[in-house]
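Trainee: With the sequence up front, the predicted model follows.
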Amino acid sequence: MTGAAPAAIELSGVSKSFGPVAANRDVSLTVAAGSIHGIVGENGAGKSTLMSILYGFYEADSGEIRVRGEKRAIRSSAEAIAAGIGMVHQHFMLVEPLSVVENVVLGAEGGPWLKRGVAKARAELARLSAQYGLAIDPDATVGSLSVGLQQRVEILKALYRGADVLILDEPTAVLTPAEADQLFELLRALKAQGKTVILITHKLREIMAVTDWVSVMRRGEMVAHVETARTSPAELAEAMVGRRVLLRVEKAPRKRGAPVLEAAGLSVVDGRGHETLRDASLTLHAGEIVGIAGVAGNGQSELLDVLAGLVQPARGVIRLDGKILNAADRNPANLRRLGLMHIPEDRQKTGLVTAFAAAENMILGYHDDPAFGPGPLLSPAAVRNHALSGMQAYDVRPADPALKTAKFSGGNQQKIVLAREIERAPKVLLVGQPTRGVDIGAIEFIHRRLIALRDAGVAILLVSVELEEVMALSDRILALCGGRITGERVADEADERDLGLLMAGVSERAA
Amino acid sequence: MEIVQTLAVILDSTIRLSVPLLCAAMAGLWSERAGVVDIGLEGKMLIAAFASAVIAYKTGSAWAGLGAGIAASVALSLVHGFAAITWRGNQIVSGVAINMLAAGLTVILGNAWYGQGGRTPPLEGAARFGEIELPLVETLKSVPVLGPLYDIAVSGHAAPVYLALLCVVLTALVLKHTRFGLRLRAVGENPAAVDTAGVSVAGLRYAAVIICGALCGLGGTYLAVSQSAGFLPQMTAGKGFIALAAVIFANWRPWPALFACLLFGLLDAIAIRLQGVALPGIGQVPVQAIQALPYVMTVVLLAGFIGKAVPPKASGLPYVKER
Amino acid sequence: MSAAPIELPRWADTALVPVVSVAAALLVAGLVVLGIGESPLEATALLLKGSLGSLEGLGFTLYYATNFVFTGLAVAVAFHAGLFNIGGEGQATVAGIFAALACLWLAPLPGILLVPLAILAAAAGGAVWAFIPGYLQAMRGSHVVITTIMFNFIAATLIVYLLVEVIGKPGSMQPETADFAKHATLTPMHQLLAPFGLKLPTTPLNSAFLLALAALVAVWLLIYRSRLGYAIRTVGANPRAAAYAGISPAKITMVAMALSGALAGGLAVNEVMGVQHRLVLDFTAGYGFVGIAVALMGRGHPVGVGLAALLFGALYQGGAELSFDKPTITREMVVVIGGVVILFAGALEGLFRRLVAGTLRPGRGG
């Protein structure tokens, strides 16, 4: 960080909104030339938006970008490329049926005929491969390559276009640990060649392992900027989730009942063949809240989905009330009948049909209930009255069952889901992100309801990216990292530092 | 010798019957490889057939007819592009609309202008494409087998036939070996990759849609100004859809599409020849069974019972930058 | 350009958008009329007079509207499940074959049994021809749009084969079956209403019209008042939420397609059993495709579909009368109007929504 060289990238006062949502608020960032600079933050903290602005995919509403000290307007990806910026997106921007070399030259073909450009790219690929140890077959079809190799193609694409600054968005999300280590080695090699690397991630281990500097984003704002050598995972974790806003929820000591839901050795394998949940075992007792602490993307969603019957496990056993659920039992309709209700993480995509009236969403999943009408028909009055009483009991505003669900605020939408699932007197309640995008008043309300339910003897599994919420509500806390349960704590004895380490997968203390 | 003669004649009519399929199939291929689904090939061919017949009749020039056919078809293409690319509308809905527009407009205008129930007046002389005798036909005539094949099947077609075959070569060449072709293949698979590479997605898709229109124009013109001597209502008779089937059958690749079209043309030629003929051992094969074969084969293929049809990944999807 | 759908007040969404697109479509038609040297106003007057100006005209209008109700509902039901069924023509064709076979083979039965059985046969035929594409999409991943197109052509060749080779009237050169027995056909409306003292002119309007009205009510009940309809709409609006709710999108896809095909079969009931009284080639006459326009214009709601069917019925009948007086304006004008409506109310919906939104909120349009 010699004072003489201008910073590779300098952002000042960058703001960007999508409709009413402010994704970036007055963000400033300086990235020194020839460094590896990490940007950490929770999902939705605004990291990807910021980098998309830098790469010209979106235009900022306000703010300034300087590249090597020079002010630049970057309105398109083409202009970003011209400014020497390359980006490896989280979802690869590759054309799978095309070959490696065709992907590399796309948009930089060097003339109307491919032959010359491809020959040049081949030579350049050979050179880059030798320089950075990035062996790859230029004629292989990209779709047939492993994810790690595809990422290599993305990096080569950027380098081929003469990128000086390379942005990597969550590059390890799809990699095995060994592939990730290889990537870090490559990043160091790039740095040694004088390139600047910006690494976006929510994994603290990576930040500690490879970066020189780190910036922390939270809720669209830049909240910290430190030298990696002078910080710790715990400190970063705290900066990511925010200072403890004393979140107190009054609750009586738990009256733990019999085990209700038991899972043993559950594993989930996704479409790409990655094991997203590994050998998870847990037991939920009546009358307790078990919280799952973890940085988003570490297997929480898969845990909820597999318990709710939305995804079938690759291995493992689930028992409800002591009875093993076989594959035929594990569908959402049947699980509901057995008293297992589910408040999904994403209410708009999964929990609600936003185009429906509120009353119609109040029967989602229960439309076969005879209470809602005679025989094959639904009675509008019954559906409406059911919705009205539920909406009033849960203080949904406006309490208008005919209003289109999309028109309610996030908090009120969440209350609709909550009212629907809780009112059914569940034995087990799976809760995902109960207060995401919900205003303060509604948060309190939702928390009180969940506690009341626990006191009434319901077994609750709570997944939330808000660590303080998990700590405030839970009786026991399980930490998830990389799809594995990395530890268990009794909530009263847990502290944020300790949990942060479990979430980062760096704790030594045995569970 | 007679077998060779028969074979040559069948091959000849196969080529004639497959030309409109070929043009429409290449057209569909361009559009769909760029990610724009087009079930309006039929309508575009129809309007081109009409426009070309009208202008060829007016000017007495088949080539002027071709120009008009292409212009009319491209105009409809642009409507499709406007709906599908600029306004991100439903591409299927837009295709249906275009088919209906063409089916209605051609009859109304034809009837209003010529009062013959939608037909255009018969074309004569230079208003139709004449048969082109390829060189060396006389010299090669004496060569056994190849001579008559060359004479009957290869030579003696009208200009649009050779143009259509040229289009296959050009399509294959451009798609595989040019910058434009590479970008076009990419935009149908992953438009975001093209966008992040700094290339305009809409620009590429409009270009593809225009090429699609031009090729449908050629196919429609061939029907009215070469194969027939004028326009008849609904003269495309589902050829645009068989072409769609051919594209699927060929897995969206030009050379296999040529063979699929020739195969479907051959089926048509055989169906015509077999009408009322009893085959030894089988008896009379219903013509309809042969006619239905392209459609049945396409359904079976799509269902993955034989092989697997893999359309371009982004086809049918309007491109929206995602958050 | 914003990617978010443009929000409109509900009344504008349900009424204004279709009205504006139809107005634009009629404008285009007017320009075409002008282009061929006729007066659009005179044409409109003749059209209205021909379709609504007499009891006879009205009878014909309602007869055509019957066809559009069935094909429009067929498209609408599939739409609610997020499916695009453009196979109405083929489904109606197969329905016609089934109905004809029932009418011919079950002729010994009394009419009170035969007619309902033949109607059920028509529904079953249409349902089968739509279920297969539905099954292929749900289980094998082939898209219903392409398969229903292919099935249209397969049905078209099938009916030719059957009429020419198998069930054609012996000795006839026409591709048609023998006439059905008198008791196997539907009662014409003028006969049906005669006992009530209503004297109507002879038109093709028959009791299938009542069936169409019943279908409108039944589809309304199904879609908006039944558990199955709820499941259908959930799958159409948000398949993920449907899976979360324990509704199988695959099953609903097949059921919705079968229902859609059964409704398309109503076209065969009206044409084959109600008017032709025998199976003829091409009795579907493009009604299946116009049904797409009817469904889009009616926003998928039975009330809208009924009104749109009436409009297209009037255009059909008025168009026929018009072409009688003005031979230069043929009935194909209706096809053009249908096409433009589909384009405007369907594919260019975004543009029209923006136009309407811009007019409602001047200065903030977009």
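Mentor: Thanks, I have it.
Trainee: which residue ranges form the strands in chain B?
Mentor: Taking DSSP state E, the strands of chain B run over residues B:131-132, B:157-158, B:278-279, B:283-284.
Trainee: just checking, what packs against the helix or strand hosting C:Arg353?
Mentor: Assigned by DSSP states H and E, C:Arg353 belongs to helix C:349-360. Identification of packing neighbours for helix C:349-360 by 3 or more C-beta pairs under 8 Å, 6 or more residues apart in numbering or on different chains; DSSP states H and E yields helix C:17-35. Every C-beta, even on glycine, is put in place using the N, C-alpha and C of the backbone.
Trainee: how distant is the helix it packs on from the center of its chain?
Mentor: Chain-centre distance of helix C:17-35: 21 Å, with C-alpha atoms, centre = their mean, to the nearest Å.
Trainee: Quick one: neighbours of the closest residue to chain C within the stretch 101-250 of chain A, just the number.
Mentor: Across the stretch 101-250 of chain A, no residue is closer to chain C than A:Gly143, which sits at 18.1 Å (C-beta to the nearest C-beta). Neighbour count of A:Gly143, defined by other C-beta atoms under 10 Å in any protein chain shown: 14.
Trainee: wait, it sits on A:Pro97?
Mentor: Yes - when contacts are counted by C-beta atoms under 8 Å, A:Gly143 is listed as touching A:Pro97 (6.0 Å).
Trainee: Give me the common contacts of the two.
Mentor: Overlap of the contact sets of A:Gly143 and A:Pro97 (by C-beta atoms under 8 Å, 6 or more residues apart in numbering or on different chains) is empty.
Trainee: The helix or strand hosting A:Ile53 near chain B at all?
Mentor: In the assignment (DSSP H and E), A:Ile53 maps to helix A:47-54. Yes - legend: contact between helix A:47-54 and chain B by C-beta under 8 Å from any C-beta of the partner chain is shown at A:Thr49.
Trainee: does that helix come close to chain C?
Mentor: No - shown here: helix A:47-54 not in contact with chain C (C-beta under 8 Å from any C-beta), separated by at least 14.7 Å.
Trainee: Distance-wise, check A:Glu493 relative to chain C.
Mentor: 36 Å (C-beta to the nearest C-beta, to the nearest Å).
Trainee: wait, I meant B:Ala246
Mentor: For B:Ala246, the distance to chain C - C-beta to the nearest C-beta - is 12 Å.
Trainee: Show the contacting residues for that residue.
Mentor: Counting by C-beta under 8 Å, 6+ apart, B:Ala246 makes contact with B:Leu21, B:Ala25, B:Ala257, B:Ala260, B:Cys261, B:Phe264, B:Pro294.
Trainee: List just the nearest of the residues you listed to chain C.
Mentor: Nearest member of the contacts of B:Ala246 to chain C, counting by C-beta to the nearest C-beta, is B:Pro294, at 8.3 Å.
Trainee: Could you tell me the model confidence score at the closest residue to the closest one other than its chain neighbours?
Mentor: Nearest non-adjacent residue to B:Pro294, counting by C-beta to C-beta, 6 or more residues apart in numbering or on different chains: B:Phe264, 4.7 Å away. Here the pLDDT value assigned to B:Phe264 is 93.
Trainee: just checking, B:Phe264 touches B:Pro20?
Mentor: No - when contacts are counted by C-beta under 8 Å, B:Phe264 is not listed as touching B:Pro20 (10.6 Å).
Trainee: Tell me which of the two has more neighbours.
Mentor: Neighbour count, other C-beta under 10 Å: between B:Phe264 and B:Pro20, B:Pro20 has more, with 31 against 28.
Trainee: What are the phi and psi values at C:Pro188?
Mentor: phi -60, psi 150 (degrees, to the nearest 10).
Trainee: what number of residues lie near it?
Mentor: 20.
Trainee: Dig out what it forms beta bridges with.
Mentor: Following DSSP bridges, C:Pro188 is listed with bridge partners C:Asn206.
Trainee: show me what contacts it?
Mentor: C:Thr202, C:Thr203, C:Pro204, C:Leu205, C:Asn206, C:Ser207, C:Gly274.
Trainee: tell me the contacts of the fourth one?
Mentor: Contacts for C:Leu205 (C-beta under 8 Å, 6+ apart) come out as C:Gly59, C:Phe60, C:Leu62, C:Tyr63, C:Thr66, C:Pro188, C:Met189, C:His190.
Trainee: same thing but 10 Å
Mentor: Listed by C-beta atoms under 10 Å, 6 or more residues apart in numbering or on different chains, the contact set of C:Leu205 reads C:56, C:58-66, C:188-190, C:192-193, C:270, C:274-275.
Trainee: Please, which helix or strand holds the nearest residue to C:Arg331 once chain neighbours are set aside?
Mentor: Among residues not flanking C:Arg331 along the chain, C:Gly319 sits closest, at 4.4 Å (C-beta to C-beta, 6+ apart). Secondary structure assignment for C:Gly319, by DSSP H and E: helix C:302-325.
Trainee: For that helix, name the packing helices and strands.
Mentor: Where contact means 3 or more C-beta pairs under 10 Å, 6 or more residues apart in numbering or on different chains; DSSP states H and E, helix C:302-325 is packed against helix C:17-35, helix C:40-52, helix C:55-80, helix C:208-220, helix C:287-297, helix C:332-341.
Trainee: Show me the one of those helices that comes nearest chain B.
Mentor: helix C:332-341 (3.3 Å).
Trainee: follow-up on the earlier one: quick one: which two of the contacts of B:Ala246 are the most distant?
Mentor: Pairwise distances across the contacts of B:Ala246 (C-beta to C-beta) peak at 12.9 Å, for the pair B:Ala257 and B:Pro294.
Trainee: Quickly list what's touching both of those two.
Mentor: Each of B:Leu21, B:Ala243, B:Ala246, B:Phe249 lies in contact with both B:Ala257 and B:Pro294 under the rule C-beta under 10 Å, 6+ apart.
Trainee: Quickly name whichever of those residues is closest to C:Thr253.
Mentor: Closest approach between the shared contacts of B:Ala257 and B:Pro294 and C:Thr253, by C-beta to C-beta: B:Phe249, at 24.6 Å.
Trainee: which ones are touching that closest one?
Mentor: B:25, B:242, B:256-257, B:259-261, B:263-264, B:294, B:297-298, B:301-302, B:307, B:309.
Trainee: before we move on, the earlier item: could you work out the most separated pair of the contacts of C:Pro188?
Mentor: The span of these, defined through C-beta to C-beta, is set by C:Thr202 and C:Ser207 at 14.7 Å.
Trainee: any bit of the longest helix anywhere in chain B sitting next to chain C?
Mentor: Secondary structure assigned by DSSP state H gives helix B:2-33 as the longest helix of chain B. No - for helix B:2-33, no contact with chain C is found by C-beta under 10 Å from any C-beta of the partner chain; the gap never falls below 11.3 Å.
Trainee: what comes up buried for stretch A:358-378?
Mentor: A:358-368, A:372-373, A:378 (16 or more other C-beta atoms under 10 Å in any protein chain shown).
Trainee: Among the residues you listed, which pair sits farthest apart?
Mentor: Farthest apart among these - using C-beta to C-beta - are A:Ala358 and A:Asp368, which lie 19.6 Å from each other.
Trainee: Report the separation between whatever residue of the stretch 151-300 of chain A ends up closest to chain C and C:Val144.
Mentor: Nearest to chain C in the stretch 151-300 of chain A, going by C-beta to the nearest C-beta, is A:Gly271, at a distance of 14.5 Å. Per C-beta to C-beta, to the nearest Å, A:Gly271 is found 24 Å from C:Val144.
Trainee: okay, those two: which has more neighbours?
Mentor: For A:Gly271 versus C:Val144, the count of surrounding residues by other C-beta under 10 Å is larger for C:Val144: 26 against 5.
Trainee: From chain B, how far out is A:Val208?
Mentor: Wrong residue type there; residue A:208 is Met, not Val. Going from A:Met208 to chain B by C-beta to the nearest C-beta gives 29 Å.
Trainee: tell me the contacts of that residue?
Mentor: A:Gly38, A:Val214, A:Thr228, A:Ala229, A:Thr231, A:Ser232, A:Pro233, A:Leu236, A:Ala504, A:Val506.
Trainee: what about it, is that helix, strand or coil?
Mentor: Assigned state for A:Met208: helix (three-state reduction, DSSP: H, G, I helix; E, B strand; the rest coil).
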